[in-house]
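Q: Based on what follows, work out the 3D shape:
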Amino acid sequence: MAKANAKFMKPLTPSAELAKVVGYNPLPRTEVVKKLWAYIKTNNLQDTNNKRMINADNTLKNIFGKNQVNMFEMTKIVSTHLK
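A: Residues are numbered from 1 along each chain as shown. Below you'll find the model as predicted:
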């Protein structure tokens, strides 16, 4: 079996800001995104008119650096918070 997704599954350490949402333990990128979506849904942060847009609360604003991002942009921004 090829290890095409090895990098994708490698546990990464979240930044302090991101850890407030996903926890402080190293996680694979897929888990980070899953936990982020759970947080977004729990806090009702998806834009009602355009589901691809995420409205940032104060916690997410510290991660995104702005009030609203689209789901693709979110993944890119989250990558900068993982080491």
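
Q: Can you pull out the low-pLDDT segments for this structure?
A: Residue ranges of the chain with pLDDT under 70: 1-5.

Q: can you give me the helices in it?
A: All helices of the chain, identified by DSSP state H, fall at 6-9, 16-22, 29-42, 58-64, 71-79.

Q: Which of the ones you listed sits closest to Asn49?
A: Asn49 lies closest to helix 71-79 among the helices of the chain, at 14.5 Å (C-beta to C-beta). Bear in mind the C-beta positions are built from the backbone N, C-alpha and C, glycine included.

Q: So which elements touch the closest one?
A: Helices and strands touching helix 71-79, as assessed by 3 or more C-beta pairs under 8 Å, 6 or more residues apart in numbering; DSSP states H and E, comprise helix 29-42, strand 53-55, helix 58-64.

Q: Redo those as JSON lines? Include distance to Ser79.
A: Formatted as JSON lines, the helices and strands packed on helix 71-79 follow (distance: least, C-beta to C-beta, whole Å):
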{"stretch": "helix 29-42", "distance to Ser79": "7"}
{"stretch": "strand 53-55", "distance to Ser79": "16"}
{"stretch": "helix 58-64", "distance to Ser79": "11"}
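
Q: can I get the ones you listed in TSV with distance to Pro14 and mean neighbour count?
A: Formatted as TSV, the helices and strands packed on helix 71-79 follow (distance: least, C-beta to C-beta, whole Å; neighbours: other C-beta atoms under 10 Å):
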stretch	distance to Pro14	mean neighbour count
helix 29-42	7	15
strand 53-55	17	18
helix 58-64	9	17
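
Q: mind checking which of these is nearest Gly23?
A: Closest to Gly23 of those, according to C-beta to C-beta: helix 29-42, at 7.3 Å.

Q: Quick check: end-to-end length of stretch 11-19?
A: One end of stretch 11-19 to the other measures 13 Å (C-alpha to C-alpha, to the nearest Å).
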